[in-house]
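Asks: the following block contains a protein sequence and its predicted model.
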Amino acid sequence: MTCKDTCNTRRAWLTGMFAAGIAAADPAAAVRVALASTPLPAPDTGGRVEIMAVGKAAGAMARAAQEALAMQGFAPSHVLVVTGAGALPGPAGAELHIAGHPVPDQAGAAAAAAVLARAAGLGAGDRLLLLVSGGGSAMLPAPAAGLTLDDKAAVNRLLLGSGADIVTVNLIRQQLSRIKGGGLARAAAPAGVTALILSDVIGDDLRAVASGPTLPAIGSRAEAAQRLRALGLWPALPEAVRRHLSAPAGTVAPVPDADNRLIGSNAQSVAAIAAAARAEGVAVHVAPAPLVGDVAEAAARILAARAPGLHLWGGETTVRLAGDGLGGRNQELALRVALGAAVQGGWPDDWAFLSGGTDGRDGPTDAAGGLVDAASPSRMRAAGVDPESALARNDSHTALAACGDLLMTGPTGTNVADLQLLWLP
């Protein structure tokens, strides 16, 4: 078998392992298991059960929840699903909203209004089953008093290119919203609330998943303002946002207690890949810490690997945009690893590296990420693309597309952040 044949075999194998990680985060299965192990409390006599699902996995979660509740002997009086374009819809008869992501739009604002209205209509004998997955922050924009949807969209655009991690981003978003940071739980009171949460946040701080609609805020207005100043974004913010964050918050009602349950996470997907590889007799090296922070620093950690076998990371890196190219954090990480390996040497020629988003979409592209090997830089140059220049422009998508190294999965119906897999022979 030639080196090329070996590389192609390993690339296909890595893609299969990545698929195993996605399968482990199947949102429908996670909902079914959660409701089987701890059934939803029945509403009071005469009370209603309503389902609200928001995020990239909302449709599949809502379908599974409705089926599980039917097995418990009661049907929801209403099902509301808020998800993104191309995602699975909810069950037949559900109220469906297709909202913008990653920048909030008018459709999302309409969805947020519908969510708040239905929550406010619940009474003390009712129960809300909330199904939460990644993407929910952008999909439910409910601007705080004095702010507009345009203000929220402007802040989102600034944060997307700032290099801020998701916890910082959602701490800021919470202070600009009527839903985030427990706002939905307040609106639903005095109804009982159960939230099943598929986490796309490394470390699984549930306050940060979809900006915590049923949990207390991560920080305060003052902390949000401080983070924005530290990121250098304060002068570029809309005046209304600066005014809002500079004003005293006043008295905020505590967040009512909710039954918040973690039902899926990045760590579970990493464990599933490791188990699948070990079952094939492969040596597996799971990183002791997640791959988070600046994408260049993450690439350096990957390039330090030396032991033969499969190296695994889960995480979510950040990119500070300096150019006007097209790409995403996973595509840029793959390009950086390919270029770094060529410079440093030390790896056998038939290594392969995959970095992908479990939702099937990386940045504003149709790719999930990138899948590179030792020959990737030379293939890019042969196709007329200078990979170093592309990297400087944050144009990883163009470079990877030129040599067939984009990881294309289509929407997966789930979202538990990113997975990175490195094969060293």
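Replies: That came in fine, so what should we check first? Residues are numbered from 1 along each chain as shown.

Asks: biggest helix in this structure by residues?
Replies: The residue-count maximum for a helix in the chain (DSSP state H) belongs to helix 3-24.

Asks: helix or strand next in line after that helix, which one?
Replies: Downstream of helix 3-24, the first helix or strand assigned by DSSP states H and E is helix 27-37.

Asks: contacting residues around that next one?
Replies: Residues from elsewhere that reach helix 27-37 (CB atoms under 8 Å, 6 or more residues apart in numbering): 57, 60-61, 63-65, 67-69, 72, 131, 133, 196, 198, 261, 263-264, 413-414. Backbone N, C-alpha and C define where each C-beta goes, glycine included.

Asks: of these, buried ones?
Replies: Those of the contacts of helix 27-37 that meet the buried threshold are 57, 60-61, 63-65, 68-69, 131, 133, 196, 198, 261, 263-264, 413-414, by 16 or more other CB atoms under 10 Å.

Asks: just the buried residues of the longest helix of the chain, please?
Replies: Quick answer for helix 3-24 (16+ other CB under 10 Å): 6-7, 10-11, 13-15, 17-18, 20-22, 24.

Asks: need those in CSV with pLDDT, can you?
Replies: Below are the buried residues of helix 3-24 laid out as CSV (pLDDT from 0 to 100):
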residue, pLDDT
T6, 62
C7, 67
R10, 93
R11, 95
W13, 97
L14, 98
T15, 98
M17, 98
F18, 98
A20, 97
G21, 97
I22, 97
A24, 95
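
Asks: among those, which two are most distant?
Replies: T6 and A24 (27.3 Å; CB to CB).

Asks: spit out the contact partners of the nearest residue to L335 once chain neighbours are set aside.
Replies: Closest residue to L335 apart from its sequence neighbours, by CB to CB, 6 or more residues apart in numbering: S396 at 4.4 Å. Residues in contact with S396 (CB under 8 Å, 6+ apart) are G325, L326, G327, G328, Q331, E332, A334, L335, G370, A390.

Asks: and of those, the nearest to V252?
Replies: Closest approach to V252 among the contacts of S396 (CB to CB): G328, at 35.5 Å.

Asks: my read: that closest one touches H397, true?
Replies: Yes - using CB atoms under 8 Å, G328 is in contact with H397, at 7.4 Å.

Asks: what touches both of these two?
Replies: Joint contacts of G328 and H397 (CB under 8 Å, 6+ apart) are G363, T365, A367.

Asks: pLDDT at T2, what is it?
Replies: We have a pLDDT of 43 for T2.

Asks: all helices for the stretch 1-150 of the chain, in order.
Replies: For the stretch 1-150 of the chain, the helices defined by DSSP state H, counting those that start in this stretch cover 3-24, 27-37, 58-72, 106-120, 136-139, 149-160.

Asks: quick check: which element contains the residue lying closest to A287 once chain neighbours are set aside?
Replies: Nearest residue to A287 in three dimensions, chain neighbours excluded: W313, at 4.6 Å (CB to CB, 6+ apart). Element membership for W313 (DSSP H and E) is strand 309-318.

Asks: neighbouring strands for that strand, and are they parallel or not?
Replies: Taking DSSP bridges as the criterion, strand 309-318 sits next to strand 284-286 (parallel), strand 291-294 (parallel), strand 418-424 (antiparallel) in its sheet.

Asks: pick out the shakiest of those, pLDDT-wise.
Replies: Looking at these, the bottom one is strand 291-294 with a mean of 94.

Asks: could you dump it to PDB, C-alpha only?
Replies: Below are the C-alpha coordinates for strand 291-294, written out as PDB (Å, rounded to 0.1, in the frame of the first residue of the first chain):
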ATOM      1  CA  LEU A 291      -8.800  22.500  23.500                       C
ATOM      2  CA  VAL A 292     -10.000  26.000  24.200                       C
ATOM      3  CA  GLY A 293      -8.600  29.500  23.800                       C
ATOM      4  CA  ASP A 294      -6.700  31.100  20.900                       C
END
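
Asks: tell me which residues of that strand are tucked away?
Replies: Counting neighbours by 16+ other CB under 10 Å, one finds that the buried residues in strand 291-294 are L291, V292.

Asks: how far is that strand from where the chain is centred?
Replies: Put simply, strand 291-294 sits 14 Å off its chain's centre (CA atoms, centre = their mean, to the nearest Å).

Asks: so Q268 touches A417, yeah?
Replies: No - the pair Q268 / A417 is not scored as a contact, 11.3 Å apart, by CB under 8 Å.

Asks: quick one, which of these two is more surrounded?
Replies: A417 (25 against 18; other CB atoms under 10 Å).

Asks: give the contact list for the more buried one.
Replies: Applying CB under 8 Å, 6+ apart, the residues near A417 are G134, D200, V201, I202, N266, G314, G315, E316, G357, T358.

Asks: next: P290.
Replies: I202, G203, N266, W313, G314, G315, E316.

Asks: would you mind checking the residues you listed for buried ones?
Replies: With burial judged by 16+ other CB under 10 Å, the buried subset of these is I202, N266, W313, G314, G315, E316.

Asks: how far away is the residue nearest to the fifth one when sequence neighbours are not counted from G314?
Replies: Just to be clear, that refers to G315. Spatial nearest neighbour of G315, excluding adjacent residues (CB to CB, 6+ apart): L291 at 3.3 Å. Remark: distance between L291 and G314 (CB to CB, to the nearest Å) = 7 Å.

Asks: quick one on the thing from earlier: tabulate the helices of the stretch 1-150 of the chain (a markdown table), appending distance to A188.
Replies: Formatted as a markdown table, these follow (distance: least, CB to CB, whole Å):
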| stretch | distance to A188 |
| --- | --- |
| helix 3-24 | 31 |
| helix 27-37 | 19 |
| helix 58-72 | 16 |
| helix 106-120 | 4 |
| helix 136-139 | 16 |
| helix 149-160 | 22 |
